[in-house]
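Q: sequence plus the predicted model coming up.
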Amino acid sequence: MLTSMPIPFLDVRGLADSLRAELDGCWQAVLTHGRFIGGPETEAFELRFAEFCDSAHCVGVANGTDALELVLVALGIGPGDEVIVPANTFVATAEAVCAAGARPRFVDVRPDTLEIDPDAVAAAVGPRTAALMAVHMFGQMTDVDRLAPLAQRHGIALIEDAAQAHGARFGSRRAGSVGIAAGFSFYPGKNLGALGDGGAVVTHDAALADRIRVAANHGRVAGGHHVHKVRGRNSRLDTLQAAVLTAKLAHLDRDNERRRVLMDRYRQRLPDGCTPLAQHPRAESVHHLAMVQVTDRAAAVAALDAERIGWGVHYPVPCHQQPAFADFADGPLPVAERAADTILSLPMSPTLSIDQVDRVCDVLARAGLP
Ligand SMILES: *Cc1c(COP(=O)(O)O)cnc(C)c1O
């Protein structure tokens, strides 16, 4: 019976399948010219993605975590510096700060949107604060109207972590165009996903983009294969992944629009006890996740499991409570801690049907949430 078919949390295989012919073409083209690193597809993707973000420069790198770390290092942020990070982000934001040698300073989030709380940011700024990680969580841009002037007033760098927000807007501004630089991830599950790992830095600053490009390619300067100007590393975006990303980028606005339609349906059909996160009135989310807050997560999850409907929790343990970051745990951060117990991510991907959303909502309605 159709109604008892499993509903995946995220169907990355289905998404790739819908572009099968185009992706086969990418593979053939790259196989034919043989420039597997630094091929023409990489530069073509960088140009298109910078344009997509309303920015000037894009540097393809190996993954989103590297993108953030490379930005921090290129800005000279490291040992002795503090970087403000929302407590409920994916650990990668904080990992990048630590990898650069700086110290993450975790702050609490707003109870309605679960985006970083600008008041908490203002309170956390101190003499060692060098940067603010403006993480656009779950597809919604964080309140850059408040955070950008705040960062400017205190003379700290605003860096966007846009790993969950390809194409999102805040007012007229696109994710990636607001900060001094932004880090993107193309992990397969992101709104723009590669067939493997990938990432990018986007910035208006040509000199910063150059420094990052050199650092990400063994410190090589353009045109000098054996000239290593600085001690760099290897963090490059493969030609093949760039080709795939260019093909998928052409469909991203359509896919994001589809996510919005699905999220609207969730909003209409979800039962009491299951409340979608609030949207800032100026934010146009790309709904990376269909996040709700539930009154009884155990009951909701049991009902979904019984019907083989996928779900997730993003994230069950806030960063400041993770063992890895015990050295930086200056809590309590009550909003993030409370939210960790009530959040639930429902199936979301552009391949999902309205009928499937309705079925998820019906199952939750029968779960008997208080
Ligand atoms: C996915 C993600 C990253 C890291 O990206 P990778 O490509 O997996 O390294 C960073 N920040 C946030 C908020 C993410 O969701």
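A: Looks like it arrived, so ask away.

Q: shaky segments in the stretch 1-150 of the chain?
A: Within the stretch 1-150 of the chain, the segments meeting pLDDT under 70 span 1-3.

Q: mind telling me which residue of it is nearest the ligand?
A: Residue nearest to the ligand within the stretch 1-150 of the chain: Gly64 (2.6 Å; CB to the nearest ligand atom). Heads up, the C-betas are built off the backbone N, CA and C, glycines and all.

Q: so that residue sits against Val201, correct?
A: No. Between Gly64 and Val201 there is no contact under CB atoms under 8 Å: 9.7 Å.

Q: neighbours around the residue of the stretch 1-150 of the chain closest to the ligand, how many?
A: Around Gly64 there are 27 other residues, counting by other CB atoms under 10 Å.

Q: go on, Ala96?
A: For Ala96, using other CB under 10 Å, the count is 27.

Q: find the helix or strand that the residue nearest to it when sequence neighbours are not counted is a member of.
A: Excluding the flanking residues, the one nearest Ala96 by CB to CB, 6 or more residues apart in numbering is Leu68, at 3.6 Å. In this assignment (DSSP states H and E), Leu68 forms part of helix 64-74.

Q: can you pull the buried residues of that helix?
A: Buried residues in helix 64-74, counted by 16 or more other CB atoms under 10 Å: 64-74.

Q: give the helix, strand or coil label for the closest residue to the ligand within the stretch 251-370 of the chain.
A: Nearest residue of the stretch 251-370 of the chain to the ligand (CB to the nearest ligand atom) works out as His288 at 7.8 Å. With DSSP: H, G, I helix; E, B strand; the rest coil as the basis, His288 sits in coil.

Q: likewise the one 5 residues further on?
A: In three-state terms, and counting by three-state DSSP, Gln293 is strand.

Q: I'd say it and Thr275 touch.
A: Yes. The pair Gln293 / Thr275 is scored as a contact, 5.1 Å apart, by CB under 8 Å.

Q: what number of residues lie near Ser4?
A: For Ser4, using other CB under 10 Å, the count is 8.

Q: got a list of what it touches?
A: 307-308 (CB atoms under 8 Å, 6 or more residues apart in numbering).

Q: in its sheet, what does the lengthiest strand in the chain sit against?
A: Criterion DSSP state E: the longest strand present in the chain is strand 129-135. Strand pairing for strand 129-135, using DSSP bridges, gives strand 82-86 (parallel), strand 157-161 (parallel).

Q: just want the angle from the last one to helix 64-74.
A: In other words, strand 157-161. Interaxial angle of strand 157-161 relative to helix 64-74 (axes from the mean of the first three to the mean of the last three CA atoms, to 10 degrees): 170 degrees.

Q: pLDDT (mean, whole number) over whichever helix or strand comes after strand 157-161?
A: Later in the chain than strand 157-161, the nearest helix or strand by DSSP H and E is strand 169-170. The average pLDDT for strand 169-170 rounds to 98.

Q: again, but for stretch 184-198
A: Regarding stretch 184-198, the rounded mean pLDDT is 98.

Q: first-to-last residue distance for that stretch?
A: End-to-end distance for stretch 184-198, by CA to CA, to the nearest Å: 9 Å.

Q: residues of that stretch that come out buried?
A: Quick answer for stretch 184-198 (16+ other CB under 10 Å): 184-195, 197-198.

Q: show me which of those is closest to Glu95.
A: Ranked by distance to Glu95 (CB to CB), the buried residues of stretch 184-198 are led by Ser185 at 12.3 Å.

Q: mind listing what the residue nearest to that closest one when sequence neighbours are not counted touches?
A: Distances taken as CB to CB, 6+ apart put Gly64 closest to Ser185, at 2.5 Å, once the chain neighbours are dropped. Residues near Gly64 by CB under 8 Å, 6+ apart: 92, 161, 163, 183-187, 190, 199.

Q: of those, which belong to strands?
A: Counting by DSSP E, the part of the contacts of Gly64 found in strands is 161, 183-185, 199.

Q: and those, which is closest to the ligand?
A: Ser185 (3.1 Å).

Q: you'd agree that closest one is up against Ala163?
A: Yes. Using CB under 8 Å, Ser185 is in contact with Ala163, at 3.8 Å.

Q: any common contacting residues for the two?
A: Each of 64, 92, 199 lies in contact with both Ser185 and Ala163 under the rule CB under 8 Å, 6+ apart.

Q: save the buried residues of helix 64-74 as JSON lines, and put in distance to Ala298 too.
A: Shown next, in JSON lines, are the buried residues of helix 64-74 (distance: CB to CB, whole Å):
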{"residue": "Gly64", "distance to Ala298": "32"}
{"residue": "Thr65", "distance to Ala298": "32"}
{"residue": "Asp66", "distance to Ala298": "37"}
{"residue": "Ala67", "distance to Ala298": "37"}
{"residue": "Leu68", "distance to Ala298": "34"}
{"residue": "Glu69", "distance to Ala298": "37"}
{"residue": "Leu70", "distance to Ala298": "41"}
{"residue": "Val71", "distance to Ala298": "40"}
{"residue": "Leu72", "distance to Ala298": "39"}
{"residue": "Val73", "distance to Ala298": "43"}
{"residue": "Ala74", "distance to Ala298": "45"}
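
Q: burial of the residue nearest to Met348 when sequence neighbours are not counted, as a residue count?
A: Counting by CB to CB, 6+ apart, Ala290 is the residue found nearest to Met348 once chain neighbours are left out, at 4.0 Å. Ala290: 28 surrounding residues under other CB under 10 Å.
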